[in-house]
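In: task: produce atomic coordinates for the following.
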Amino acid sequence: MARRKKVKKLNVFLGIIVIVALVIISICIYTLVNNPNMLNSNIAQNKNSINEVVEEPEAEDIVINIVGIGDALCHSQNFKDAYNSETGAYDFSPMFKNVTKYFDDATVAVGNLETTLAGADRGYSGYPTFNSPDELAYDLKEMGIDILTTANNHCLDKGYTGLERTLNVLDDYGIAHTGTSRSKEEQNTILIKDLNGIKTAFLCYTYGTNGIPIPSGREYSVNLIDKDFIKEQLDKAKEEGAELIVVSMHWGAEYRLKPTTEQEDLAEFLIKNGANVILGNHSHVPEPMEMKTVTLDDGTTREGFVIYSMGNFFSAQTDNYTRDTLILNVEVRKNGATGEITIDKATYTPVYVYDNGQNAKDRYELLDIEQIIKDYEAGNSEYSTSMYNLMKSELNKIVEIVGPEIDNTAKSSDESDTINEEQNTVNEVNDEAEGELGRIVRLPNVEICQNMSHDYYYEKRKIA
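Out: Numbers count the residues shown, from 1 in each chain. From the prediction side, this is the model:
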């Protein structure tokens, strides 16, 4: 009997719950029918909440700095100067002390090793067959060099074993390299580095090896300039995801201040097939740099940067212009939204390889030309008037040969509208300067159109 009472009470309780639920549902339905905007508002709010969750912040642009130097051409005078008789070791770092700071902000720094590291047992030597102490590579790395290109006309100066040992030494010091190889597999392995999010390939080629034959069966050991082979490697770099391609070329004619027709043709070929930056060497003297636009087969255009030669980064040569060099800085941008790669700027630091004399403690010294001029004019320079005048002369040579620095970020519609007026002003200032202030570097019209305004050159690189 008690059990029946309990069941009856439970049924009553459940019935009350059902009635309350039906009342609540009825109220909700009545509210929604009479207030449809409330439903739409809730849906919109939910949609907005979803959008807020899925929406990703816009990707930022990536900007990197590629620093380039010319040939590390180590003559016997250079390594003899670096020798410390007390320790029996070699130290090239005093030669670099004035310019090391220009590598501090590099995302990557590239140089050309125009010598072998064949070992002391082969005998250190300069021209015509180079073999330098291993310390040279170490000191270049300490200065800031990350990659050394090794395909040049002196890479086989000590034969294949010298070439092989050179690469082994670079590996031991943790210096990346491209241009020569110890196997076919190594030759076919593209040097690719991730530069702050830009996948970048580095390639290198040479016109020859000074008549020294590449060993039979080891044709892979030296990357020679051959368009079919180069295109194959450019295509491979792109297939492997390279967004930026930097090509070092050992080309042209020695002691020539302008590119040959062959250099210009090769530059066009490289850019047409994917190269973005071309770093030239071999002539032992500086040559011009430019933004080069090429027309593709489909009629569209493609642009790339080329410097035909950066000269000797250091050497013991004494001929005119062989001591004039530069430290190049190429600023590259990857658009965060589109992924497009562009060259923003190409600037350079003029450098002079100075010989302090045979009996000097540190005979060879890389001089920061503009810094010396600036310090002297500020009255706080350790250098003499004759050194000041020499620096002004060498600055003039380098700027005239290499040309104005490039700043593509300065281009605008307003600048285009006033370009002719600017050129007229340049001509007037040049004419006045020659008569009153002395010699000032002239800027050709085509370079004015492509590069930063003339004010930069008159203020920063004026030769009084």
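
In: ok, the closest residue to Ala176 other than its chain neighbours to Leu279 distance?
Out: The shortest distance from Ala176 to any non-neighbouring residue, by C-beta to C-beta, 6 or more residues apart in numbering, is to Ile147 (4.6 Å). The C-beta positions use only the backbone N, C-alpha and C, and glycine is treated the same way. From Ile147 across to Leu279, the span is 10 Å (C-beta to C-beta, to the nearest Å).

In: of these two, give the one with the bigger neighbour count.
Out: Each of Ile147 and Leu279 has its neighbours counted (other C-beta atoms under 10 Å); Leu279 has more, 28 against 24.

In: what strand or helix carries that one?
Out: Using DSSP states H and E, Leu279 maps to strand 277-281.

In: touching that strand from outside, list them.
Out: With contact meaning C-beta atoms under 8 Å, 6 or more residues apart in numbering, strand 277-281 is reached by 66, 68, 70-71, 110, 112, 114, 149, 152, 244-252, 259, 263, 267, 270-271, 287, 304-310, 328, 330, 332, 343.

In: where does the stretch 301-450 of the chain dip in pLDDT?
Out: 411-450 (pLDDT under 70).

In: now do the helices in it.
Out: 369-377, 385-402, 413-417, 419-436, 445-450 (DSSP state H, counting those that start in this stretch).

In: centroid residue for the protein?
Out: Centroid check for the chain by C-alpha atoms, centre = their mean gives Ile66 as the closest residue, at 2.1 Å.

In: bridging residues for that one?
Out: Counting by DSSP bridges, Ile66 is bridged to Val108, Val330.

In: for Glu262, grab the count of nearby residues.
Out: 13.

In: quick one, phi/psi of it?
Out: Here is the backbone geometry of Glu262 (degrees, to the nearest 10): phi -60, psi -40.

In: same question for Ala89.
Out: phi -110, psi 170.

In: neighbours of it, how many?
Out: As a burial measure, Ala89 scores 11 neighbours (other C-beta under 10 Å).

In: kindly report the same for Val402.
Out: 25.

In: who are the contact partners of Gly304?
Out: 267, 270-271, 275-278, 291-292, 294, 343.

In: now neighbour count and distance to Ile175 too, for the residues you listed, in a markdown table please.
Out: Converted to a markdown table, those look like this (neighbours: other C-beta atoms under 10 Å; distance: C-beta to C-beta, whole Å):
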| residue | neighbour count | distance to Ile175 |
| --- | --- | --- |
| Ala267 | 25 | 27 |
| Leu270 | 26 | 24 |
| Ile271 | 25 | 28 |
| Ala275 | 26 | 23 |
| Asn276 | 24 | 23 |
| Val277 | 26 | 20 |
| Ile278 | 24 | 21 |
| Met291 | 15 | 30 |
| Lys292 | 18 | 29 |
| Val294 | 16 | 32 |
| Ile343 | 19 | 26 |
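
In: taking those residues one by one, which sit in strands?
Out: Per DSSP state E, strands hold the following members of those: 277-278, 291-292, 294, 343.

In: care to break this protein down by domain?
Out: By the assignment in automatic domain parsing, the chain contains the domains 62-389, 410-460.

In: okay, these, which one's buried deepest?
Out: domain 62-389 (a mean of 19; mean count of other C-beta atoms under 10 Å).

In: so Glu114 touches Leu73, yeah?
Out: Yes: using C-beta atoms under 8 Å as the test, Glu114 is close enough to Leu73 to be in contact (4.8 Å).

In: any shared contact partners between those two?
Out: With C-beta under 8 Å, 6+ apart as the test, Glu114 and Leu73 both reach Phe130.

In: so which of the domains of the chain is nearest Val399?
Out: Comparing the domains of the chain by their distance to Val399 (C-beta to C-beta), the top pick is domain 410-460, with 4.8 Å.
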